[in-house]
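*Asks:* no sequence for this one, just the structure:
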């Protein structure tokens, strides 16, 4: 089953530190070597985000993320794990778990229709 590991941290803290970059690279290599890697990426800062809503049939586009919180979604991994326990075991190795949080959520795989 695929799991998305959503990485939340305080924007501007941590990921640009050379030691942290090395730790993310090592984690990425570990999940690739284990055959668990599906996808991963780091997101641009929240200042580049747009939130889209439809209210009473009208399009509303606002700058920034939907929620005003200290921790922001900064990136993700999608891993193909045997079960939730394995996904959590990998999530605890993500460096941001030490200063932010990593949400582990099963991916609802939608069948493709021809």
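*Replies:* Looks like it came in fine. Predicted model, so just to flag it, every value in this text is computed and none were measured. Numbering: from 1, shown residues only.
*Asks:* Mind checking what helix or strand follows the longest helix seen in the chain in sequence?
*Replies:* Determined from DSSP state H, the single longest helix within the chain is helix 18-33. Going down the chain from helix 18-33, the next helix or strand is strand 37-42, by DSSP states H and E.
*Asks:* For that following strand, name the packing helices and strands.
*Replies:* Applying 3 or more Cβ pairs under 8 Å, 6 or more residues apart in numbering; DSSP states H and E, one finds that strand 37-42 contacts helix 18-33, strand 71-80. All C-beta atoms are positioned from the backbone trio N, CA, C, and that covers glycine.
*Asks:* at 6 Å what do you get?
*Replies:* strand 71-80 (3 or more Cβ pairs under 6 Å, 6 or more residues apart in numbering; DSSP states H and E).
*Asks:* Pull up the per-residue confidence for residue 31.
*Replies:* Looking at residue 31, its pLDDT reads 98.
*Asks:* residues contacting it?
*Replies:* 37, 79 (Cβ atoms under 6 Å, 6 or more residues apart in numbering).
*Asks:* Let's see that with 7 Å instead.
*Replies:* Neighbour list for residue 31: 37, 77, 79, 90 [criterion: Cβ atoms under 7 Å, 6 or more residues apart in numbering].
*Asks:* Which one (most neighbours) among those residues?
*Replies:* residue 77 (25 neighbours; other Cβ atoms under 10 Å).
*Asks:* Just the pLDDT for that residue.
*Replies:* Reported pLDDT for residue 77: 97.
*Asks:* just the contacts of residue 31 now: which is nearest residue 54?
*Replies:* residue 77 (30.3 Å; Cβ to Cβ).
*Asks:* how far away is the closest one from residue 61?
*Replies:* Distance of residue 77 to residue 61, given as Cβ to Cβ, to the nearest Å: 28 Å.
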